[in-house]
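Q: predicted coordinates and the sequence they were generated for:
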Protein chains: 2
Amino acid sequence: MEMTGKKRKPTLAEIAKVAGVSLMTASRAINNRSGVSPEKREEILRISDDLGYVPNRAAQRLSGGRSHVVGVIAPLHTSYSSELVLGLGSAGRVANYEMLVYSISTSTHEPPAAVIDLLTQVADGVIVVLPNEGQYLTRLSQANLPVITIDEGPPLSFPKVVVDNYRVGQMALEHLASLGHRRIGFIDGDARLASVRDRLRAFRDHRTVLGLDPDENLVAQGDSMQQGGFRATMQLLSLKDRPTAIFTGNDVSAVGALSAIRESGLRVPEDISVIGCDDIPLARQVYPSLTTIRHPLTQMSRAAVNMLIAMVSGFAPPTDTIVFAPELVERESTAKLV
Amino acid sequence: MEMTGKKRKPTLAEIAKVAGVSLMTASRAINNRSGVSPEKREEILRISDDLGYVPNRAAQRLSGGRSHVVGVIAPLHTSYSSELVLGLGSAGRVANYEMLVYSISTSTHEPPAAVIDLLTQVADGVIVVLPNEGQYLTRLSQANLPVITIDEGPPLSFPKVVVDNYRVGQMALEHLASLGHRRIGFIDGDARLASVRDRLRAFRDHRTVLGLDPDENLVAQGDSMQQGGFRATMQLLSLKDRPTAIFTGNDVSAVGALSAIRESGLRVPEDISVIGCDDIPLARQVYPSLTTIRHPLTQMSRAAVNMLIAMVSGFAPPTDTIVFAPELVERESTAKLV
DNA sequence: TAAAGCAACGTTAGCGTTAACGTTATAGCG
DNA sequence: CGCTATAACGTTAACGCTAACGTTGCTTTA
């Protein structure tokens, strides 16, 4: 019912004229607002469909309406946030919202003011994925439109959707302990991220709770990337009394750990168990596939979108923070200590 | 000279009022058009700066002007295109254009019509990175705004920026041949991509030219991903007379090849040389680091942006296709045949 | 039965910007 | 000196849409 090779897109006025109604009646019908009789509404919708009508977002927004566009700011070079952005996209589409993404390239990069301005002009709201520090958050907060973040950011008090990262650490440790491991290594990530700090804190706390070896040499510094995981693992393996299991700050580091272990002539999970967290797609693809603590990314992005849309519609968010529980995914990289 | 905690952004009218000139004079001054005396222009610019004026893109576009936004459609889950998008971002920023990205998730996924419409409304032009088949390209071509692609797409005749992929295959093969290799394996990628087909063609052609072993068993099917590279390599290694070098369709496959070789108890490059292509960041990070055929991504994205901006400004593109030459990057994964 | 309520519409006035055209002053020329 | 070309402005009318308010006709209620 469209896709006739027409050049110019029809405007609302043309729809209205064809339907023999006023501009506003057409507007109301198309935006699903009250004040139109069911029959007229249906006819208007049919005509709009026939003519391939597409609302002009710029005009919508300009006249004070909603554009039905959500801006997303995310570091797209990590598959964790890529997954999240994908989820946001599909969640948004269900609610008749489209996502426009600005990609921040490195952990220190921040979007230029022009982008923020652009986003605040074209979008009804903004979702910031894995926010880092930066001027742009201030600018966003001044822009007078709803903003929420996924994962904790600098303390700027946007409503947020997060994972209970303390629980992530706890679950990983409990899993390994239940398999009989007593000497467990931890590979730390970028300490600027609250999530990373929480996991380390949980690791230390529950090491005590579970009666595991509290040796601080078992905590090695990674960088949340493959290379850092590799090096940190090498360091752990070089200990006189090396760990029988390793918990890494994220899956990417875990993959680095896998290759380090393999290169050291050891086997996973026979000689050493490895558990990651995040459950990015890569976790399933590597050999051996990774046991990991999954973040429910799909649900998180759905929650974020719904929360934002509610705010766009004028409702105050019910909670400032929505916390999601992580989930253990057992695969091949962990096994009982022999 | 801005960033005063103001809530509402000033409009052009306010600038004009403060400067004591008409709306149009302010518009002309700010858009760097003729018809304003140098002194007035300077004063208007100063005032606009003082007040933190930001043009309203929606209004600009609505009134038929340019929004200075470029839409990008790209599969962001591959680091190849991520890199490209990064490059587009910085190239655009230099020219005072900002990029807004729509991420396509899989090779079969295509952006919904609503996104295309949105992009065509907010953007002055669109760059499609690694275009796949799909309705959306048709819809884009009907939208009456400049579109260019990076890498070859379905034959829809958008102007494009490409790499000479035939030359890529040639260079890889010549490099390996110069190191003394005679039995060289090839790991094919997704045959729907023209680039992949070109490389295979070059492989076959130059195998003959260089007098190498033309055994067709040396061509194994991958999938442009790590797993496919792994499996294809395993297949090559299982040949009675296994290759002494492997050329993979991209770097990701090469990484899969590396682990396959390692797992087979062989060493790179002592036992087998591996050469990839693309030169994604990962290529430098793996061990051993990958010799590869680099695509000049930065230059390519710069060219794409410039080409698009020229088209936006009303110039026909000088050429339909800008071809970039690849470049050999020698690292650790290739060595002389002993 | 008259007043009031309400659903279903229509009209008007912008939103912030630029294209197109109109106006004014100044300079240049024979 | 009168005429015109030109630079430097100003005015007006859109662009496509929606909020706010009017209007109409019908139903409800005291």
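A: Right, received. Where do you want to start?
Q: state whether A:Ser289 is indeed within a helix.
A: No: assessed with DSSP: H, G, I helix; E, B strand; the rest coil, A:Ser289 is coil; it does not lie in a helix.
Q: how about it, what does it touch?
A: A:Ala283, A:Arg331, A:Glu332, A:Ser333 (CB atoms under 8 Å, 6 or more residues apart in numbering or on different chains). All C-beta atoms are positioned from the backbone trio N, CA, C, and that covers glycine.
Q: same check on A:Gly211?
A: Contacts of A:Gly211 by CB under 8 Å, 6+ apart are A:Arg182.
Q: quick one, helices of the stretch 201-338 of chain A?
A: Secondary structure of the stretch 201-338 of chain A (DSSP state H, counting those that start in this stretch): helices at A:226-237, A:251-263, A:281-285, A:297-312.
Q: so which of those is nearest A:His181?
A: Taking CB to CB, helix A:226-237 is the member of these nearest to A:His181, at 13.3 Å.
Q: picking up where we left off before, turn the helices of the stretch 201-338 of chain A into TSV, including mean pLDDT.
A: Compiled in TSV, those are given as follows (pLDDT from 0 to 100):
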stretch	mean pLDDT
helix A:226-237	93
helix A:251-263	90
helix A:281-285	76
helix A:297-312	92
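Q: ok so, going back, most neighbours among the contacts of A:Ser289, which one is it?
A: A:Ser333 (26 neighbours; other CB atoms under 10 Å in any protein chain shown).
Q: distance check, it against A:Leu258.
A: 7 Å (CB to CB, to the nearest Å).
Q: between the two, what contacts are shared?
A: Taking CB under 8 Å, 6+ apart as the contact rule, the neighbours common to A:Ser333 and A:Leu258 are A:Val268, A:Val274, A:Pro288, A:Leu290.
Q: one step back: tell me which two in the contacts of A:Ser289 are the farthest apart.
A: Of all pairs in the contacts of A:Ser289, the most separated under CB to CB is A:Ala283 and A:Glu332 at 10.6 Å.
Q: check the residue most central in space within chain A and give its pLDDT.
A: In chain A, the centroid-proximal residue (CA atoms, centre = their mean) is A:Leu84; its distance is 3.4 Å. According to the prediction, A:Leu84 has pLDDT 92.
Q: can you name the residue of the stretch 1-150 of chain A nearest to chain B?
A: Residue nearest to chain B within the stretch 1-150 of chain A (CB to the nearest CB): A:Ala58, separated by 3.9 Å.
Q: just to revisit the earlier point, quick one: which of the contacts of A:Ser289 is nearest DNA strand C?
A: For the contacts of A:Ser289, the residue nearest DNA strand C by CB to the nearest atom of the strand is A:Ala283; the value is 47.7 Å.
Q: and the helix or strand containing the residue nearest to the centre of chain A with helix A:251-263, angle?
A: Taking DSSP states H and E as the definition, one finds A:Leu84 inside helix A:79-94. Between helix A:79-94 and helix A:251-263, the angle comes out at 140 degrees (axes from the mean of the first three to the mean of the last three CA atoms, to 10 degrees).
Q: that older thread, can you redo the contacts of A:Ser289 as CSV with distance to DNA strand C?
A: Shown next, in CSV, are the contacts of A:Ser289 (distance: CB to the nearest atom of the strand, whole Å):
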residue, distance to DNA strand C
A:Ala283, 48
A:Arg331, 54
A:Glu332, 58
A:Ser333, 56
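Q: which of those sits closest to A:Gln226?
A: Closest to A:Gln226, out of all of the contacts of A:Ser289 and judged by CB to CB, is A:Ala283, at 12.8 Å.
Q: any figure for the gap between that closest one and DNA strand D?
A: As judged by CB to the nearest atom of the strand, to the nearest Å, A:Ala283 and DNA strand D stand 44 Å apart.
Q: residues touching that residue, list them.
A: A:Ala283 sits in contact with A:Asp251, A:Ala254, A:Gly276, A:Ser289, A:Leu290, A:Thr292, A:Val329, A:Arg331, where contact means CB under 8 Å, 6+ apart.
Q: A:Gly180: neighbour count?
A: 13.
Q: spatially, what comes nearest to it if we skip its sequence neighbours?
A: Among residues not flanking A:Gly180 along the chain, A:Leu337 sits closest, at 3.7 Å (CB to CB, 6 or more residues apart in numbering or on different chains).
Q: helix, strand or coil: sort out A:Lys9 for me.
A: Per three-state DSSP, A:Lys9 ends up coil.
Q: that one contacts A:Pro55, correct?
A: No: counting by CB atoms under 8 Å, A:Lys9 does not reach A:Pro55; the two are 9.5 Å apart.
Q: quick check: neighbours shared by these two?
A: Contacts common to A:Lys9 and A:Pro55, judged by CB under 8 Å, 6+ apart, are absent.
Q: looking at those two, which one has more neighbours?
A: A:Pro55 (21 against 18).
Q: A:Leu12 is in contact with that one, correct?
A: Yes: judged on CB under 8 Å, A:Pro55 makes contact with A:Leu12 at a distance of 7.3 Å.
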